[in-house]
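Novice: everything below, folded, please.
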Amino acid sequence: MTSTTQAPQSGARTAQPEHLGHVIFIAAAAAMGGFLFGYDSSVINGAVEAIRTKYDIGSAALAQVIAIALIGCAVGAATAGRIADRIGRIRVMQIAALLFVVSAVGSALPFSLWDFAVWRVVGGFAIGMASVIGPAYIAEVAPPAYRGRLGSFQQAAIVVGIAISQLVNWGLLNAAGGNQRGHLMGLEAWQVMLGVMVVPAVLYGMLSFAIPESPRFLLSVGKRERAKEILAEVEGKDVDLDARVAEIEHAMTSEHKSTFKDLLGGGFFFKPIVWVGIGLSVFQQFVGINVAFYYSSTLWQSVGVDPTDSFFYSFTTSIINIIGTVIAMIFVDRVGRKPLALIGSIGMAVGLALEAWAFSYHLVDGKLPSTQGWVALIAAHVFVLFFALSWGVVVWVMLGEMFPNKIRAAALGVAAAAQWIANWAITASFPSLADWNLSGTYVIYTVFAALSIPFVLKFVKETKGKALEEMG
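Specialist: As a prediction, the model looks like this:
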């Protein structure tokens, strides 16, 4: 006997869209937000030393200017979902694109340090919005049979955005004669680096006008016929559209709107599973990965590497990041989340320990000794490779899977907030820690990489092959 509350079966699970290329275009257009996420996050790498000298500020103040964008990220991520539920997914993309443009222009043409910081926060707000709306939109528009592959576009776009920003920075630095404050087009090179982001930001905004609104949002505001048109467009005309609409409406009415109160319980404020999610987020950041993307040029220059070469190494690191991400996307469903995380933790610990060893040597004529210099360079790439093929992808996959249905949305929000806070802590502390002791700083990151191994072994459960309803 079937339940009267069960929605009709539409055949959407196995449906094949007539024009898969069009569906891929829609997902790729939405993932442009991820590209800008990666680009805006790491483009600052090319301006750090120029900002330090232009405004004559110390390491602590510099760190706050670099890290302040993360405050905007946290606010943008926290508010994007609610805004999208009110005005639609496409409108949120267009707002984010506008904020990216404003941030790029403002950061490239600052009057002073304080307004530069304001434009950084505006860019951070756009990053936060893009980090939420891209995956949500793709999940709602993608045909069920292709959802996993199309959903991976977001992470791929982020790492490509990071790499392209480093390549552009390197090209502009070469054009400026290797000087971040050299003149290009009437501006200093670092200003052009930040301003170039206007191009992908405008493209993102234009693409948002070429893709349809989410059927789920359209149904939530009563536009059933338009929702059916889009479902036919992305899932195929063979789908029973009336039944498909009924499925979505049934899912929307039966969803439990998780709240912060649902997360409370257990002996330490939150439920244990929430603490595991927070732990995954914190470990992902406390290994120091964003130092590689925010400060790598400064890091290499501090141990005697030529500025142009340091920018090139930042680019090669970004390519390694892409390769590692592709490896993770291939193996995360084959090997499993937990084994991949453990492999990554071991590889990261080795890479970070070798960097700590290399940086412990005194500079000779302003440079690391040859052997230590090569070890530091190779170890940095090893660290990024093992992070990318494991924690860079696995943590996001697990956070989307590991929580029970009743608390998933709220728990994911808390875990994501913990990630932004941990990101801020590492980003804001690195310049001062590096001034104190660069080798010691990498020892700290090594310890966190090592501690992540027993954490995964003891507290993290494998989610590979389990239905979301089985979690908890």
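
Novice: need the strands for this structure, in chain order.
Specialist: 183-184, 187-188, 264-268, 270 (DSSP state E).

Novice: quick one: mean pLDDT over the first one.
Specialist: Same thing as strand 183-184. For strand 183-184, mean pLDDT rounds to 88.

Novice: give me the neighbour count for A156.
Specialist: When neighbours are defined as other Cβ atoms under 10 Å, A156 has 19 of them. Glycine gets a C-beta too; all of them are placed from N, C-alpha and C.

Novice: contacting residues for it?
Specialist: Counting by Cβ atoms under 8 Å, 6 or more residues apart in numbering, A156 touches A31, G34, I322, T325, V326, M329.

Novice: out of the strands of the chain, the one nearest D309 is which?
Specialist: strand 183-184 (19.5 Å; Cβ to Cβ).

Novice: ok so, going back, out of the strands of the chain, which gets the lowest mean score?
Specialist: Comparing mean pLDDT across these, the weakest is strand 264-268, with a mean of 71.

Novice: residues making contact with whichever helix or strand comes after it?
Specialist: From strand 264-268 onward toward the C-terminus, using DSSP states H and E, the following helix or strand is strand 270. Applying Cβ under 8 Å, 6+ apart, the contact partners of strand 270 are L263, L264, I278, V414.

Novice: what number of residues are in the vicinity of the first one?
Specialist: L263: 21 surrounding residues under other Cβ under 10 Å.

Novice: same deal with the second one?
Specialist: Residue crowding around L264 was assessed by other Cβ under 10 Å; the count is 12.

Novice: for the stretch 201-350 of the chain, what spans make up the helices?
Specialist: 215-220, 224-235, 241-254, 272-286, 289-294, 296-302, 307-331, 337-359 (DSSP state H, counting those that start in this stretch).

Novice: so where's the chain shaky on pLDDT?
Specialist: Applying pLDDT under 70 to the chain flags residues 1-18, 148, 254-258, 266-267, 405, 409, 465-472.

Novice: which strands or helices does whichever helix in it runs longest pack on?
Specialist: For the chain, the helix with the greatest residue count under DSSP state H is helix 408-459. Counting contacts by 3 or more Cβ pairs under 8 Å, 6 or more residues apart in numbering; DSSP states H and E, helix 408-459 packs against helix 59-67, helix 69-87, helix 272-286, helix 289-294, helix 296-302, helix 337-359, helix 391-401.

Novice: mind doing that once more with 7 Å?
Specialist: helix 59-67, helix 69-87, helix 272-286, helix 289-294, helix 337-359, helix 391-401 (3 or more Cβ pairs under 7 Å, 6 or more residues apart in numbering; DSSP states H and E).

Novice: and the closest residue to A434 other than its chain neighbours, how many neighbours does it have?
Specialist: Excluding its sequence neighbours, the residue lying closest to A434 (Cβ to Cβ, 6 or more residues apart in numbering) is T441, at 5.7 Å. By the criterion of other Cβ under 10 Å, T441 has 24 neighbours.

Novice: gap between T441 and W391?
Specialist: Distance from T441 to W391, counting by Cβ to Cβ, to the nearest Å: 19 Å.

Novice: likewise for V221?
Specialist: 38 Å.

Novice: start and end of stretch 394-407, how far apart?
Specialist: 20 Å (Cα to Cα, to the nearest Å).

Novice: separation between I278 and L263?
Specialist: Taking Cβ to Cβ, one finds I278 at 10 Å from L263.

Novice: name the residues contacting each of those two.
Specialist: Common neighbours of I278 and L263 (criterion: Cβ atoms under 7 Å, 6 or more residues apart in numbering): V414.

Novice: can I get the contacts of strand 270 in a markdown table with distance to A156?
Specialist: As requested, the contacts of strand 270 are exported to a markdown table (distance: Cβ to Cβ, whole Å):
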| residue | distance to A156 |
| --- | --- |
| L263 | 31 |
| L264 | 36 |
| I278 | 26 |
| V414 | 26 |
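
Novice: quick one: which of the residues you listed is nearest to M402?
Specialist: Set against M402, the nearest of these by Cβ to Cβ is I278 (11.7 Å).

Novice: apart from its neighbours in sequence, what residue is nearest the closest one?
Specialist: Using Cβ to Cβ, 6+ apart and skipping the chain neighbours, the partner closest in space to I278 is A418 (4.5 Å).

Novice: shouldn't that neighbour be in contact with F283?
Specialist: No - using Cβ atoms under 7 Å, A418 makes no contact with F283, being 10.4 Å away.

Novice: next up, the contacts around the residue nearest to I278.
Specialist: I278, S281, V282.

Novice: what about the last one, neighbour count?
Specialist: Using other Cβ under 10 Å as the criterion, V282 is surrounded by 20 other residues.

Novice: what about the closest residue in space to it that isn't next to it in sequence, distance to T298?
Specialist: Spatial nearest neighbour of V282, chain neighbours left out: A422 (4.7 Å); criterion: Cβ to Cβ, 6+ apart. As for A422, its distance to T298 is 21 Å (criterion: Cβ to Cβ).

Novice: with V168 instead?
Specialist: According to Cβ to Cβ, V168 stands 18 Å off from T298.

Novice: S345 too?
Specialist: Computed as Cβ to Cβ, the S345 to T298 distance reads 26 Å.

Novice: between those two, which one's more packed in?
Specialist: Using other Cβ under 10 Å, the more surrounded residue of S345 and T298 is S345, with 26 against 22.

Novice: ok, now which ones touch the more buried one?
Specialist: Contacts of S345 (Cβ under 7 Å, 6+ apart): A449, S452, I453, V456.

Novice: go on, F315?
Specialist: A163, Q166, L167, W170.

Novice: correct me if wrong: K367 contacts G304.
Specialist: Yes - counting by Cβ under 7 Å, K367 does reach G304; the two are 3.0 Å apart.

Novice: okay, now Y442: neighbour count?
Specialist: 29.

Novice: once you drop chain neighbours, what's closest to it?
Specialist: Among residues not flanking Y442 along the chain, A356 sits closest, at 3.7 Å (Cβ to Cβ, 6+ apart).

Novice: tell me who's in contact with that neighbour.
Specialist: Residues in contact with A356 (Cβ under 7 Å, 6+ apart) are S439, Y442, V443, T446.
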